[in-house]
Structures are given as structure tokens and as C-alpha cells.
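Trainee: predicted model follows, preceded by the sequence.
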Amino acid sequence: MSATTAPKSEDLGRLSAHELRTLYESGEASPVDATQAALDRIDRFNDAVNAYCHVDHEGALAAARESAERWARGEPLSPVDGIPCSIKDLAEVKGMPARAGSLTTSDEICDYDSPPADFMRRAGAVILGKTNTPEFGWKGVTDNRVFGATGNAWDTSKTSGGSSGGAASAAALNMGVLHQGSDSGGSIRIPAGFTGVFGFKPTFGWTPQWPPSKSAMLASIGPLTRDPRDAALMLNQIGRYHPDDVYARGGQPEDWGADIEPSVAGLRIAYSRTLGFANVDPQIAKAVDQVAERLEALGAEIVEADPGIEEPIDIYRKIWFTGARVIWENIDEDQREMLDPGLAENAERAEDWASTDLFQAMDGRVRLGAHMARFFQDYDLLLTPTLPLEAFAVNHQVPPDSDMHDWQEWANFSYPFNLTGQPGASVPCGFTDNGLPIGFQLTAERYQDTRIMSACRAYMDAYPPRYPDVPNESAPSGGR
């Protein structure tokens, strides 16, 4: 291909994984071109949003050159061979540090790959670097004492959400195409909702992790992307059994939805505006009402129905704060003052709990899961808002003008489905009057992940979202 007809680097930086794969197959572009385009976007945008905490320019380009040789021979390792991707800084990547946003960790280079990095590397994907997270992923926003805060591309003075906030802001600006996140209480869906990208939390146990989260019984690995088909392509790689994860289960779909026909026709979708207990911003409620109308126009049956559950925040806190206590206990006493004060507070709140408190919470979790399983016998999907409020000021755990104290108080729609282990996705569906993204959530019974993916693809094909061309720097995001 002549230099005059070669795609411009910036054009490649805007493309999806399946668009890049088509160019690789035809020889119109190479993984080296696409990787350089992604690195260029990181160089241009990362100072504004602080999405990446580590970038491996040399390693990424070396991996891209190897991928280009495979594509030239017609021997790609997988459909994501040569696609630029990122890994969240809670997961180990060989040759990169894993700080987990904590002053208690070091810059020591990892000598092994965690399951998502291992799967992506074996598939030939190009790992660009690590994305920012709050310390040990403890909260629903992204800031830490090592790397600072991650801002929202739509307004850098606002939070990107968390704990996969770095991955979400990277996805919003296409600083790489496939971004790995993890979700123990909403940490994929929350930042997807705040930043206006697509985020998918799989059924618990279908996407392995190691080392485990301190609340591994709640955590799922999953993708954040601009395109649900790209998310399915990533899940086709990372959504496989791995022996290191004792919670890992088999039975994953061969295709998570990359090539299935997208449709909502004939689906019976329950629509709950509040789950029975959330206080939702009227602008967000109106936007999700419109989503319900659109899904109905696409062929779904919409039935207004609440699941009939009580807010399970006490159940969740017993499990989540106990995990914080484990972190506290495992850190040397002289390092504990280095912890984020909010994380330390959570650990202290669990200090006097008995083992029976945790087991009672686990019993409550099982009962909640059984209730929701029965609810989904009558419905194919459940539609809710992703979040009840718009993104608020960066460097705050809760809206600064509210009477809230803990992030769970505004994560009403996300953490219940970590307790039940059910899959869920956040889909962009508009903007508030302040120009901040709104998302809706679709959930389903366990193991019905492809049903969600098909519905999300159908909606986003019919109503494509808008993404920022550049970060809106109304204020600095608060780097290191």
C-alpha cells in the first residue's frame, strides 16, 4: 500500500477492534500503525485525565511488530491479535509494576501475568500499560496517594467513577481499544455510566482472576470499550476457565456475542426505575424512560416491575468491610498510616464484628440471590438506571454537597448484582443538562450473558453513542 493511501495514525486511533481487524486482514494497516496511534493518543490526552499510571511504549511496539509479522503470514493468533489494550493496575502484568494505587506497594517489576493479561498476551493483543484505580480497588471513584485522581473526559473536574476509572476514561478517549476492568460492587458499570462507555460485568466465576480480590466472592473481571462487539471479542479471550482461580467455573459461551445477531425482539424486559429504594435524579429517570420506549420499539415487551427486595447495603458492607479488614491485618503496622483514610476507616468498622456477622451476611446474600433467580423466571432482562446521579467532583467519595458518607449509598443499582453473581452491563444513553453521560443497566439471570450482549448491541446499533474528541479540561483531574 502506498504512503499516500495509508490510513492516518489519528484515524486508526478512532477505530474499533473489529474495524482494525478488517484493515489487518486486507493489509491496509498494521498493528504497528494502530499501536502507534494508541500511544499517540495516550501522549496527547493522559495528562488531562490521568487514566494510565504506567505506559510501556517500547514493549507495546515490540509486541505490535511481532503481531504484524503474524498478520503478514496470514497466521494471527486470534481475532484480537495486534489490538491495543490495557490492564487495570490491580492485575499483574509481566514486565510492569503493580502498585494497586497503594503507598504500601513498590515499583518492583512483576515476573508473571495474571489471567486476563495472560489470556490477552497469548491471543496476541498489544498490552499498552496499566490503568489507574483507587487503592486496592476499595471505592467507587478513582483516586489514590500514588498516582492521584482520574478525571472524566467529559469534564475533568468530575470523577470518572471507579474502581476501573482509569480503564473507563481510556475507553472514552480510545487510548487503546480494549480495556480490562474488575467489578466487586459496580467497578466496571459505575465508571462506564459516569464516562459514557460500554461496560460489562460477567456472571461470577466466568472470568478468572489471580491473585484474588480480598472480596473474591464478589468480583468479576470484564471489559470497558466503546463498542459492545469489541467487549465480546475481549470476553472471547478472557472469559475462559483458568486453574489459578478457585472460584472459576466452566461452561462459558464459545462466542460471548461478537458474531451473534443482535436483537431484543420477543424479550420480556422488567423495568424498575428505583429497584424499590433508590433516589434517582429526574433527568436520569427521564432518559431511562426513553430507553424503555426505544427497546419496546425495537420489539421488546416492557413491563414495569420492581424485584421486591429491600436495599441490601448492610449485607454488602459486612462482606466488603471485612475484606478491608483483611487488607489492614496483612499490612505491617508501620505501613497502616499510609493507607487511604477511607479504606482504613472501613477496616476499623469491621474490627469488632464476629465471624457469625459475616456468615449471616453470606446467608443474606444467598437469599437475595434466590429471590432474584425467581424474579428472572418471569423476565428475560431487567432494565434500570446504571447510576442514580451524574458524575460529581473528582477527589470525593460521595457528592460533596450531600449527606452521604460511603460510596455504596449512591451505588444502589450495582452492588446488589455482585451479591447475586448475575451479569450486568452499562450502556450509554444520553447526557444531563451539565453535559455529563447517563447510562442504563441491563441485568439477567446467571449464565445469560449473551442475552444481555445481544440486547446491548441491538440498542447501540440503533442509537449509537457520542464520544469526546478531546478531554474537556474545565479543571485539572489531579495527577500525581
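Mentor: The structure has been received and is ready for your questions. Residues are numbered from 1 along each chain as shown.

Trainee: and residue 72, what helix or strand is that in?
Mentor: Assessed by DSSP states H and E, residue 72 sits inside helix 57-73.

Trainee: that helix packs against which elements?
Mentor: With contacts taken as 3 or more C-beta pairs under 8 Å, 6 or more residues apart in numbering; DSSP states H and E, helix 57-73 sits against helix 31-49, strand 126-131. The way it works is simple: take the backbone N, C-alpha and C, and place the C-beta from them, glycine included.

Trainee: any chance of those in TSV, with mean neighbour count and mean pLDDT too?
Mentor: Putting the helices and strands packed on helix 57-73 into TSV (neighbours: other C-beta atoms under 10 Å; pLDDT from 0 to 100) gives the following:
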stretch	mean neighbour count	mean pLDDT
helix 31-49	22	98
strand 126-131	30	99
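
Trainee: name the nearest residue to residue 189, sequence neighbours excluded.
Mentor: Excluding its sequence neighbours, the residue lying closest to residue 189 (C-beta to C-beta, 6 or more residues apart in numbering) is residue 426, at 4.1 Å.

Trainee: count of neighbours near that neighbour?
Mentor: 34 (other C-beta atoms under 10 Å).

Trainee: mind checking which helix or strand it is in?
Mentor: Residue 426 is part of strand 424-431 when elements are defined by DSSP H and E.

Trainee: and the contacts of the next helix or strand after that strand?
Mentor: Moving toward the C-terminus from strand 424-431, the next helix or strand (DSSP H and E) is strand 437-443. Contacts to strand 437-443, defined as C-beta atoms under 8 Å, 6 or more residues apart in numbering, come from residues 154, 189, 192-196, 269, 283-284, 287-288, 291, 381-387, 390-391, 413-414, 417, 422-432, 452, 455-456.

Trainee: among those, name the ones in helices.
Mentor: Counting by DSSP state H, the part of these found in helices is 189, 192-195, 283-284, 287-288, 291, 417, 452, 455-456.

Trainee: among those residues, name the buried ones.
Mentor: 189, 192-195, 283-284, 287-288, 291, 417, 452, 455-456 (16 or more other C-beta atoms under 10 Å).

Trainee: farthest pair in those residues?
Mentor: 283 and 452 (24.8 Å; C-beta to C-beta).

Trainee: centroid-nearest residue for this structure?
Mentor: Nearest residue to the geometric centre of the chain (C-alpha atoms, centre = their mean): residue 188, 2.6 Å.

Trainee: backbone phi and psi for residue 161, please?
Mentor: Main-chain torsions, residue 161, degrees, to the nearest 10: phi 80, psi -180.

Trainee: distance between the helix or strand just after the helix holding residue 72 and the chain's centre?
Mentor: Next in sequence after helix 57-73, counting helices and strands by DSSP H and E, comes strand 84-88. Distance of strand 84-88 from the chain centroid (C-alpha atoms, centre = their mean, to the nearest Å) equals 12 Å.

Trainee: contact partners of strand 84-88?
Mentor: 34-35, 38, 52, 60, 64, 93, 114, 116-117, 120, 125-131, 133, 164, 166-167, 170, 175-182, 234.

Trainee: and the angle for the next helix or strand after it with helix 57-73?
Mentor: Downstream of strand 84-88, the next assigned helix or strand under DSSP H and E is helix 115-122. Helix 115-122 runs at 50 degrees relative to helix 57-73, counting by axes from the mean of the first three to the mean of the last three C-alpha atoms, to 10 degrees.

Trainee: identify the residues contacting helix 115-122?
Mentor: Here helix 115-122 has contacts from 63, 77, 80, 85, 87, 91-94, 113, 127, 178, 180, 207-210, 221, 234, 237-238, 240, 242, 244-245, using C-beta under 8 Å, 6+ apart.

Trainee: contacting residues for residue 82?
Mentor: Contacts of residue 82 (C-beta under 8 Å, 6+ apart): 20, 24, 30-31, 34-35, 64, 67-68, 70-71, 76, 124-126.

Trainee: go through those residues and name the one nearest residue 398.
Mentor: Nearest to residue 398 among the contacts of residue 82 is residue 125, at 36.1 Å by C-beta to C-beta.

Trainee: give the burial count for that closest one, as a bare number.
Mentor: Neighbour number of residue 125 under other C-beta under 10 Å is 32.

Trainee: and if you look at residue 305?
Mentor: Taking other C-beta under 10 Å as the neighbour definition, residue 305 ends up with a count of 16.

Trainee: can you classify the closest residue to residue 14 other than its chain neighbours as helix, strand or coil?
Mentor: Counting by C-beta to C-beta, 6+ apart, residue 14 lies nearest to residue 174, which is 6.0 Å off, once chain neighbours are set aside. At residue 174 the chain is in coil, as set by DSSP: H, G, I helix; E, B strand; the rest coil.

Trainee: show me which positions of the longest helix that the chain contains end up buried.
Mentor: Counting residues, the longest helix found in the chain (DSSP H) is helix 355-375. Of the residues in helix 355-375, 358, 361, 364, 365, 368, 369, 372, 375 count as buried by neighbour count, 16+ other C-beta under 10 Å.

Trainee: which residues touch the fifth one?
Mentor: By C-beta under 8 Å, 6+ apart, the residues touching residue 368 are 309, 312, 315, 416, 419, 420.

Trainee: and after the helix-or-strand element of the chain with minimal mean pLDDT, which helix or strand comes next?
Mentor: The weakest-scoring helix or strand in the chain, judged by mean pLDDT, DSSP states H and E, is helix 9-12 (a mean of 79). From helix 9-12 onward toward the C-terminus, using DSSP H and E, the following helix or strand is helix 17-26.

Trainee: now do that next one: which elements does it pack against?
Mentor: Packing partners of helix 17-26 (3+ C-beta pairs under 8 Å, 6+ apart): helix 31-49, helix 228-238.

Trainee: for residue 466, find the nearest of those helices.
Mentor: helix 228-238 (15.7 Å).

Trainee: pLDDT of the closest one, averaged?
Mentor: In this model, helix 228-238 has an average pLDDT of 98.

Trainee: which elements pack onto it?
Mentor: helix 17-26, helix 115-122, strand 178-183, strand 198-201, strand 220-225, helix 449-462.

Trainee: and the angle for the second one with helix 228-238?
Mentor: Taking the same axes, to 10 degrees, one finds helix 115-122 and helix 228-238 inclined to each other by 100 degrees.

Trainee: flag every buried residue along helix 115-122.
Mentor: Neighbour-count burial for helix 115-122 flags 115, 116, 117, 118, 119, 120, 121 (criterion: 16+ other C-beta under 10 Å).

Trainee: quick check: the gap between the fourth one and residue 52.
Mentor: Pointing back at residue 118 there. 20 Å (C-beta to C-beta, to the nearest Å).

Trainee: also residue 176?
Mentor: Relative to residue 52, residue 176 is positioned 9 Å away (C-beta to C-beta).
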